[in-house]
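> below are the sequence and a predicted model; questions follow.
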Amino acid sequence: AVVSTQSTWAEYGADTVAGLHSLPGLMFTEEFQAEFLSKYWEVFDELRAESWFIGEMPWVFSDFMTKQEIKRVAGNRKGLFTRDRQPKMAAHLLRGRYQAMMAEAALNHDEL
């Protein structure tokens, strides 16, 4: 018997202070978050080509406040957008990724 299993990966991300930039990308910079997500996407694309990987969802849409603790500066900053819903560099990168995926899916559909 052939068993078909499909998988989705969710809740991956990196804390990022909006407006903090550095080359090379250092931890907590927007460049680091963009590079971090891009590395995940390389693996996801390889798995998707094997036909069993069907979805992805970064953690989290926007930054949000959490309780005060030593390991967090002013809340959770893994968002693609700030608490004020302003896009970080990673939001633009993800938009481009999803647009490319939609274009590829449309092309593959037209070939059928």
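Yep, that arrived.
> going forward, measure contacts and count neighbours with C-alpha atoms only.
Noted.
> which neighbouring elements make contact with the helix or strand harbouring residue 109?
Secondary structure from DSSP states H and E places residue 109 in helix 89-111. Counting contacts by 3 or more C-alpha pairs under 8 Å, 6 or more residues apart in numbering; DSSP states H and E, helix 89-111 is packed against helix 30-49.
> tell me the average confidence for the helix it packs on?
Regarding helix 30-49, the rounded mean pLDDT is 94.
> what are the contacting residues of the helix holding residue 109?
30, 31, 33, 34, 37, 80, 81 (C-alpha atoms under 8 Å, 6 or more residues apart in numbering).
> what do you get if the cut-off is 7 Å, keeping everything else the same?
Helix 89-111 has contacts (C-alpha atoms under 7 Å, 6 or more residues apart in numbering) with 30, 33, 34, 80, 81.
> same check, this time on stretch 23-33
Under C-alpha under 7 Å, 6+ apart, the answer for stretch 23-33 is 14, 15, 16, 17, 18, 19, 20, 21, 22, 88, 89, 90.
> touching, residue 52 and residue 44? I think so.
No - taking contacts as C-alpha atoms under 7 Å, residue 52 lies outside contact range of residue 44: 10.3 Å.
> quick one: which of those two has more around it?
residue 44 (18 against 13; other C-alpha atoms under 10 Å).
> ok, how many other residues are close to the closest residue to that one other than its chain neighbours?
Distances taken as C-alpha to C-alpha, 6 or more residues apart in numbering put residue 53 closest to residue 44, at 7.2 Å, once the chain neighbours are dropped. Counted with other C-alpha under 10 Å, the neighbours of residue 53 add up to 17.
> try residue 35
15.
> residues contacting it?
Here residue 35 is in contact with no residues (criterion: C-alpha under 7 Å, 6+ apart).
> I'd like to know how far residue 61 sits from residue 9.
Applying C-alpha to C-alpha, to the nearest Å, the value for residue 61 to residue 9 is 15 Å.
> neighbour-wise, which of the two wins?
residue 61 (16 against 13).
> now the helix holding residue 109 against helix 30-49, angle please.
Angle, helix 89-111 to helix 30-49, by axes from the mean of the first three to the mean of the last three C-alpha atoms, to 10 degrees: 20 degrees.
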